[in-house]
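**Student:** coordinates only, no sequence provided:
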């Protein structure tokens with residue numbers, strides 16, 4: 001099991017959550033924009049096929065599929081949080097690392113404020129506001145990111161450092 005990580009998982013959570021929500025938002029925005037532009041340019045054309053129905057059969061299904069990204073992104077973030085807790089349980093560490101862990105957590109909270117503010121600016125952009133309005137869970141997580149980082153970091157630390165006694169007793173008696 002010799003896992004040496006666990007201290008920087010909270011930074012990975014912040015960065016990956018931001019990137020996942022950014023990419024999902026771009027996909028949803030582009031899908032809706034492309035579908036609207038196709039309808040705008042092709043609906044009035046005199047073609048041998050029904051252009052509107054063809055657009056709905058192709059891009060309509062793509063935008064419907066992209067709508068599931070609203071909740072897939074939340075499940076990915078929730079999965080990363082669970083993996084932090086599992087990783088914290090699996091890490092074997094010494095009590096001396098509690099102090100650096102607290103310093104890293106304080107740095108993570110400070111960085112999370114900047115990431116949360118950047119996300120708030122992103123979702124306030126007029127052209128993207130309607131797209132990001134659908135990210136209910138993702139917006140809740142990212143707008144309160146410092147609070148989440150604090151909670152997840154402290155719970156992860158409690159899991160990581162409370163396991164010390166049981167680990168030492170297991171190696172001594174077993």
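**Tutor:** That came through, no problem. Computed from a prediction, not measured in an experiment: that's the story for all the values here. Numbering: from 1, shown residues only.

**Student:** point out where this protein drops to low pLDDT.
**Tutor:** 1-6, 43, 46, 48, 163-174 (pLDDT under 70).

**Student:** any chance you could map the helices in it?
**Tutor:** Counting by DSSP state H, the segments of the chain that form helices are 9-42, 51-67, 69-90, 98-123, 129-132, 136-143, 145-173.

**Student:** I'd say residue 156 and residue 85 touch.
**Tutor:** Yes: contact criterion C-beta atoms under 8 Å: residue 156 and residue 85 qualify, at 6.2 Å. To be clear about C-beta, it is placed using only N, CA and C from the backbone, and glycine gets the same treatment.

**Student:** those two - which one has more neighbours?
**Tutor:** Using other C-beta atoms under 10 Å, the more surrounded residue of residue 156 and residue 85 is residue 156, with 25 against 16.

**Student:** distance of the more buried one relative to residue 10?
**Tutor:** Residue 156 is 7 Å from residue 10, where distance means C-beta to C-beta, to the nearest Å.

**Student:** got any residues that touch both of these two?
**Tutor:** Common neighbours of residue 156 and residue 10 (criterion: C-beta atoms under 8 Å, 6 or more residues apart in numbering): residue 84.

**Student:** ok, and the closest non-adjacent residue to the residue most central in space within the chain?
**Tutor:** Geometric centre of the chain, nearest residue: residue 17, 2.3 Å, by C-alpha atoms, centre = their mean. Residue nearest to residue 17 in three dimensions, not counting chain neighbours: residue 77, with 4.9 Å by C-beta to C-beta, 6 or more residues apart in numbering.

**Student:** test my guess that that neighbour contacts residue 20.
**Tutor:** Yes: the pair residue 77 / residue 20 is scored as a contact, 7.0 Å apart, by C-beta under 8 Å.

**Student:** count of neighbours near residue 121?
**Tutor:** Per other C-beta under 10 Å, the neighbour tally for residue 121 reads 9.

**Student:** now do the contacts for it.
**Tutor:** If a contact means C-beta under 8 Å, 6+ apart, then residue 121 has no contacts.
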